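[1] Next input, structure requested:
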Amino acid sequence: MMLLRSLSVRTYTLALGWPLFFLSCVFIWVRSGTTATGRFHRTVSADVGCVSGLQQIEVDDTSSSFLTPELNKIIRYWQNSMISVEEAKSAIWDIVKSESFVQHKPSHGIAFVKTHKTGSSTITSVLHSIATSHNLVNPLTNKSVVYNPRTAEGREIMLNFPTTLPGQKSAPYDVWCNHINFRESLLTEAVPSSNGKYLSIVRDPGTRLRSACAFFKCCPANTEDGWVKFILSEKGNTNSWSKGIRSAMCRTDQSSREIFWPSPTVETQASMEKRVARGDLLLLVMERMIESMLVLWDFYKLHPLDVAFIPKKVKKKIPGVTDEKPNILKLAEEMVREANPYDTALHELANNTLTNKN
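    Here you go, the predicted model:
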């Protein structure tokens, strides 16, 4: 399906640009996590200084393929100066309080294979919000744990979490959005309504490893300069390079290991490509988060407000400062890509699949 092209360039900008401008600046849902009672908080705040971006967004007739009539109306009123910030905020709040919004549930259960250092926290925050907004069963877990479903203990833990639904203390769940070592049979048991369809997210292996080294302190050198020197000193020797990595999060082909645990092979790579081609595995791309959100919306037939998001851990751009990387950093990242053939192929597959939807 030519999803993004069918919306047109202007409507694509509208599709995710509008929630980004409007929901992150005017109507902000603060996903604060779970309370002791297992419920989520949502609060509303306004920031008039951010809303000027709406003036640049055009609404055309094809926008109905993404936006609901109510959202189209609010945008048109806003652009024609017929509605104030408070009135717009109130109108959107009326939408999310409505029974029709609450009952606008995903087309099938959401089984998310969360990967490390790939922007997965942003996806998780969106999925938690979807579960809360539409009264879906979502397990309340320790987010710092990576669940190993291949052990009997891991299986029992995974299937017996308390949930967001009062009184339900075990699977089946409607949403799974935690770190897990993939096992299809158990994910299907945990989220039977997923109908054998799964979701994950990947990132360029070069930048992912650099981020993992800095975050987990798992490389001999954790500063950018030190990391570059460490990578280049090994001269592309994968074996000696791998010995310098102290944490599983910094292993070669880590994302492939998580999506097809315990280890990537030619066979698992081929199986993954077939899943993607069948539409049974949706791979999002961190570097293309807005497009990924639009594809997520289509994959699960979500409400457009479900995929509005506030990026997490994003470095602010400094005026006058270029984003151009030094050549030596580019060289180090390229060496990492060569040392991670499965993750590199996975990232390329995800990008090509996303591009083909244009």
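[2] CA atoms for contacts and neighbours, from now on please.
    OK.
[3] And the spatially most central residue of the chain, which helix or strand is it part of?
    The residue lying closest to the centre of the chain (C-alpha atoms, centre = their mean) is I123, at 2.8 Å. Element membership of I123, judged by DSSP states H and E, is helix 120-133.
[4] got the phi/psi numbers for K325?
    Backbone torsions of K325, given as degrees, to the nearest 10, read phi -80, psi 150.
[5] actually A171, not the one I wrote
    Residue torsions, per degrees, to the nearest 10, at A171 are phi -60, psi 160.
[6] if I pick it, what's in contact with it?
    Contact analysis of A171 by C-alpha atoms under 8 Å, 6 or more residues apart in numbering lists P139, L159, N160, F161, E189, A190, V191.
[7] Nearest to S129 among the residues you listed?
    P139 (13.0 Å; C-alpha to C-alpha).
[8] what sits against I328?
    So I328 contacts V228 (C-alpha under 8 Å, 6+ apart).
[9] mind checking how far the strand or helix carrying it is from the chain centre?
    If you go by DSSP H and E, I328 is part of helix 327-339. Between the centre of helix 327-339 and the centre of its chain there are 25 Å (C-alpha atoms, centre = their mean, to the nearest Å).
[10] related to what we said a few turns ago, kindly supply the ChimeraX command isolating those of the contacts of A171 that are buried.
    Only the buried entries of the contacts of A171 go into this ChimeraX selection, using 16 or more other C-alpha atoms under 10 Å:
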select :139,159,160,161,190,191
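[11] who's in contact with H108?
    With contact taken as C-alpha under 8 Å, 6+ apart, H108 is in contact with S193, S194, N195, Y300.
[12] my guess is the last one contacts L127, does it?
    No - counting by C-alpha atoms under 8 Å, Y300 does not reach L127; the two are 11.3 Å apart.
[13] burial count for K357?
    Counted with other C-alpha atoms under 10 Å, the neighbours of K357 add up to 14.
[14] what do you get for S193?
    Using other C-alpha under 10 Å, S193 is surrounded by 18 other residues.
[15] what stretches of this structure score poorly on pLDDT?
    Applying pLDDT under 70 to the chain flags the ranges 1-66, 142-150, 222, 234-246, 262, 310-323, 358.
[16] now the strands: where do they sit in it?
    110-113, 175-176, 198-202, 281-285 (DSSP state E).
[17] I'd like those strands written out as a markdown table, with mean neighbour count added.
    Listed next are those as a markdown table, based on neighbours: other C-alpha atoms under 10 Å:
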| stretch | mean neighbour count |
| --- | --- |
| strand 110-113 | 26 |
| strand 175-176 | 27 |
| strand 198-202 | 24 |
| strand 281-285 | 24 |
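[18] want to try JSON lines for those strands, with distance to P69 as columns?
    Converted to JSON lines, the strands of the chain look like this (distance: least, C-alpha to C-alpha, whole Å):
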{"stretch": "strand 110-113", "distance to P69": "26"}
{"stretch": "strand 175-176", "distance to P69": "28"}
{"stretch": "strand 198-202", "distance to P69": "29"}
{"stretch": "strand 281-285", "distance to P69": "28"}
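[19] list the buried ones in the helix holding I328?
    Using 16+ other C-alpha under 10 Å as the test for burial, helix 327-339 gives L329, A332, E333, E334, M335, V336, R337, A339.
[20] same thing with stretch 291-307?
    For stretch 291-307, using 16+ other C-alpha under 10 Å, the buried residues are 291-299, 302-307.
[21] C-alpha coordinates for that stretch, CSV please?
    Taking C-alpha atoms only, stretch 291-307 is exported to CSV below (Å, rounded to 0.1, in the frame of the first residue of the first chain):
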residue,chain,number,x,y,z
GLU,A,291,7.2,8.3,9.3
SER,A,292,7.4,5.3,11.7
MET,A,293,4.5,6.7,13.8
LEU,A,294,2.4,7.1,10.7
VAL,A,295,3.0,3.5,9.7
LEU,A,296,2.3,2.4,13.2
TRP,A,297,-1.0,4.3,13.0
ASP,A,298,-1.9,2.4,9.8
PHE,A,299,-0.7,-1.0,11.0
TYR,A,300,-3.0,-1.0,14.0
LYS,A,301,-5.7,1.3,12.6
LEU,A,302,-5.2,3.7,15.5
HIS,A,303,-6.8,7.0,16.3
PRO,A,304,-4.5,9.9,15.0
LEU,A,305,-4.1,11.2,18.6
ASP,A,306,-2.7,7.8,19.6
VAL,A,307,0.5,8.4,17.7
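[22] In contact with Y342, which residues?
    With C-alpha under 8 Å, 6+ apart as the criterion, the residues that contact Y342 are D253, S256, P264, T265, Q269.
[23] OK, contacts around the second one?
    Under the criterion of C-alpha under 8 Å, 6+ apart, the contact partners of S256 comprise S263, P264, Y342, D343, L346.
[24] swap the cut-off to 10 Å and go again
    Neighbouring residues of S256 by C-alpha atoms under 10 Å, 6 or more residues apart in numbering: 115, 202, 262-265, 268-269, 272, 340-347.
[25] ok, back up a step: select from the contacts of A171 every entry located in helices.
    Of the positions in the contacts of A171, E189, A190 sit in helices, assigned by DSSP state H.
[26] And the helices in the stretch 251-358 of the chain?
    Applying DSSP state H, counting those that start in this stretch to the stretch 251-358 of the chain gives helices spanning 254-259, 266-278, 289-300, 327-339, 341-356.
[27] Noted, bye for now.
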